[in-house]
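Engineer: here's my sequence, what's the structure:
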Amino acid sequence: MTNPTVRMARWSAQNPWRAITGWLLFVVLCLGAGITIGANPATSEDFRIGEAGRAEAIATEGGLQQKPVERVLIHAKPGAGAFDKAQADAAARDIGDRMRKLPEVASVADPVPAADGSAVRVDVTMKGAEFDGKQHVDALLAQTAAVQDAYPGLWLEEVGSPSISKGVDQLRSDDLARTEVIALPVTLITLLLVFSSIAMAIVPLLLALSSIVAAVGLSMLASHAFPDAGVGTNVILLIGLAVGVDYTLFYLKREREERARAGGSLSPQAVVELAAATSGRAVVISGLAVAISSATLFLADDVIFSSIATGAIVVTLVAVLSSLTVLPALLAKLGERAERRTARKQARAAAKGKTLRVKQPKTGAGRLTAAVLRPTAKHPVATLAVATLAMLALALPVLNLNLTEMGRETHSRSIGAMQTYDRMMAAYPELKGMHQIVVRADADRREEVSGALLDLAGQAAKDPAISGQPVLTHSPDGRITMLEMAVPHFVSSPEAQDSLKHLRGSYVPATVGKLSGAEVAVTGDVARYADYPAHQKEKLPLIIGALLLVTFAMTVWAFRSVVLGLVGILLNLLSALASLGLLVLVFQNEWAEGILDFNSTGSIGSRVPLFLFVILFGLSMDYQVFVISRIREAAMNGVPTRQAVLDGIGSSAGVVTSAAVVMVTVFASFASLHLIEMKQIGFSLAAAVLLDAFVIRILILPALMLLLGEWNWWPSRGMRQVGPKTSTGRQLTNVG
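Structural biologist: Just a heads-up that it's a prediction; the model follows:
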């Protein structure tokens, strides 16, 4: 065989211990190299998007960039009586003295009393970049705790971007540990039901986990080209367990069928070659489809999506590599073990004068699949119409899709820092948001720029959504000037967003916008919140277009059929839109809050649709390739197309269902996370896989292919040509 997957499988099966040892060394080397060189985390500069990002770059040039800030809130304990202002002032002085001595602290501001006199706060600015504050915040938290012990009559709490980020990271880590506790046992139980063998069930799980370990190490190396935004490991776990088990499952099921058909006439090594010639090729194409689909996320021009793409690509390719290299070796060893066990049973049966019956694996459709396929075979038009209309009905809520950035106020209140944040915002509403207008001009125009900005502040003072005393700062060289104005509304509120529109649309053009030769841009919390979803909406059509092109090209390449390429993109679109519609229905409304334990924001995270489309398009190719390869294989062996469709769907339904159960388990476990965006991603992917496996592949695809008949293969010719035969007289046909 010239097929490279067969050659690799042959070597692996004939040299099992070398292959197994080589794989273990590969995993250890990948992880070791990653740990030795270390990861390259994304910096604040990597997160800049849109006008807000441009303004931040200008501010950074003048040394006016945002710094990590922690705020200590000093107020009365609940039920402890009136607020003791004298004690609070003493505690504030103590906090200031302690914080100034820390090497992590750049400055400590004077205490600020609350407008209603119920609290005092102390602002502490840390050294370093805004994004790095969480790495050094523990020292500040320790000092706050020490002062709290010294003033038991008061309540001292600390909150800020660093402590919130630290709390979010800890919650994410705890949640991921819980998902593993859920996903791994359910996956193992599913595989036990599929194979009725502990050894066969453990193999996919071990290969998936080892692929994840290797991918984590490789992703650390890759982060030096594509910085890690902190989500890479999450994606590797999410995608790695799903595709790792899937690819091994496809291979294992085929090897089992080939071994049973051979009935002992072929060696375990030859059986592995048969499986490699069919499912091995399908795994390669599926893996390439997932990797190439994931690569379209680089078009988003966003560090988070680049990090997601890197993790998905690396873990998928490693999972494919494990299926091509070490899996054939394991299958050969398991095959030899099965043969020895069968020989012993036959010997015992012969000693008793009995004949051992060898249990054949089930081929063709199971009872449930056969029951579903019968009406589809008889009434393909009706099946296609009803199933498609149902999917379109699920997709209708997409028309009301509301994309927003999941801001700080959406974080789970199980994070202690978020509870403090709520109390801080209640006492100091002016801290909810901030506008920053940044201007770059020649140094000799500093007074002119300052005057225009103060004029802007005067106009904005009439806006009820902007409050407080504006603050004007200059860079040391006088070239950069920044005006800061407080917004006493959460950044996601209509009031805050309207104030940004007024600022950019009216106040800036009427004042500093008139300065010739000056560069002006608006940033701040509100602008960041608005610009990120706008950026995603702008990139969404480009990435979806690239996805459609990739799906079409991969399907045409795999099956030499333009028609199947068109079918693939239409079905993937239908599946993605239906799952996105379900997501809108569940998360933009409040009726499912109690069921899924979340508080609706009335919106969908701006990253979710892109992530859903890209990952779903890739994973859908798994099912597409596996199912159609079975159909095409039968057609090339002389089976009429109609019967080939029914046989192919029936024979692949069991493994597709099993793979779907594994994927849904993994994705659904992410729906239990506290972080709303991760919850939305987990739910949408679980729903998408369910719809794709049980509606698209069992109802719509067979009905459509039955109606198309021979047109399925256009413009290919010679679908009845005979492929090379094995020693058993069976034909070997490649998917490609």
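Engineer: mind pulling up the pLDDT for the residue lying closest to V556 once chain neighbours are set aside?
Structural biologist: Distances taken as CB to CB, 6 or more residues apart in numbering put G565 closest to V556, at 4.1 Å, once the chain neighbours are dropped. Every residue, glycine included, has its C-beta placed from N, CA and C. Per-residue confidence (pLDDT) for G565: 91.
Engineer: quick check: G565 is in a helix.
Structural biologist: Yes. Secondary structure of G565 (DSSP: H, G, I helix; E, B strand; the rest coil): part of a helix.
Engineer: and the gap between it and N572?
Structural biologist: Using CB to CB, to the nearest Å, we find G565 at a distance of 11 Å from N572.
Engineer: need the overlap of contacts for those two.
Structural biologist: Jointly contacting G565 and N572 under the rule CB atoms under 8 Å, 6 or more residues apart in numbering are T551.
Engineer: more crowded one of these two?
Structural biologist: Set side by side, G565 and N572 show more neighbours around N572, with 27 against 20, by other CB atoms under 10 Å.
Engineer: next, the more buried one: secondary structure please.
Structural biologist: Classification of N572 by three-state DSSP places it in helix.
Engineer: which residues are in contact with it?
Structural biologist: Residues near N572 by CB under 8 Å, 6+ apart: L547, T551, L616, F617, S620, Q624.
Engineer: try G335
Structural biologist: E255, R259, P268, Q269, V271, V272.
Engineer: return the member of the residues you listed nearest to P541.
Structural biologist: If you rank the contacts of G335 by distance to P541 using CB to CB, E255 comes first, at 42.8 Å.
Engineer: that closest one and G335: what is the separation?
Structural biologist: 8 Å.
Engineer: what do you get for Y151?
Structural biologist: According to CB to CB, Y151 stands 72 Å off from G335.
Engineer: equivalent analysis for G34, please.
Structural biologist: Distance from G34 to G335, by CB to CB: 34 Å.
Engineer: counting by contacts, list what whichever helix or strand A183 is part of packs against.
Structural biologist: Per DSSP states H and E, A183 falls inside helix 161-195. In terms of contacts (3 or more CB pairs under 8 Å, 6 or more residues apart in numbering; DSSP states H and E), helix 161-195 is packed against strand 69-76, helix 138-150, helix 198-222, helix 232-262, helix 416-427, helix 641-670.
Engineer: partners of the first one, with directions?
Structural biologist: Taking DSSP bridges as the criterion, strand 69-76 pairs within the sheet with strand 119-126 (antiparallel), strand 154-160 (antiparallel).
Engineer: with only the CA atoms kept, save that strand in CSV.
Structural biologist: Output of strand 69-76 as CSV, limited to C-alpha atoms (Å, rounded to 0.1, in the frame of the first residue of the first chain):
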residue,chain,number,x,y,z
VAL,A,69,-5.0,49.8,40.8
GLU,A,70,-6.2,48.2,44.1
ARG,A,71,-8.7,50.0,46.3
VAL,A,72,-9.1,49.4,50.0
LEU,A,73,-12.7,50.0,51.2
ILE,A,74,-13.0,50.9,54.9
HIS,A,75,-16.6,50.9,56.3
ALA,A,76,-18.7,49.7,59.2
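Engineer: so A129 sits against A42, correct?
Structural biologist: No. Taking contacts as CB atoms under 8 Å, A129 lies outside contact range of A42: 10.7 Å.
Engineer: confidence score at I189?
Structural biologist: 84.
Engineer: what about E336, neighbour count?
Structural biologist: 15.
Engineer: ah, wrong one, I meant S620
Structural biologist: Around S620 there are 26 other residues, counting by other CB under 10 Å.
Engineer: that one sits in which helix or strand?
Structural biologist: helix 608-636.
Engineer: what helices or strands is that helix leaning on?
Structural biologist: Using 3+ CB pairs under 8 Å, 6+ apart, the elements in contact with helix 608-636 are helix 232-262, helix 281-295, helix 303-324, helix 525-559, helix 562-587, helix 641-670, helix 676-691.
Engineer: how close does the most centrally placed residue in the chain sit to T410?
Structural biologist: For the chain, the residue sitting closest to the mean C-alpha position, by CA atoms, centre = their mean, is V235 at 5.0 Å. For V235, the distance to T410 equals 21 Å [CB to CB].
Engineer: name all residues that make contact with A275.
Structural biologist: Contacts for A275 (CB under 8 Å, 6+ apart) come out as A9, Y251, R254, E255, E258, L331.
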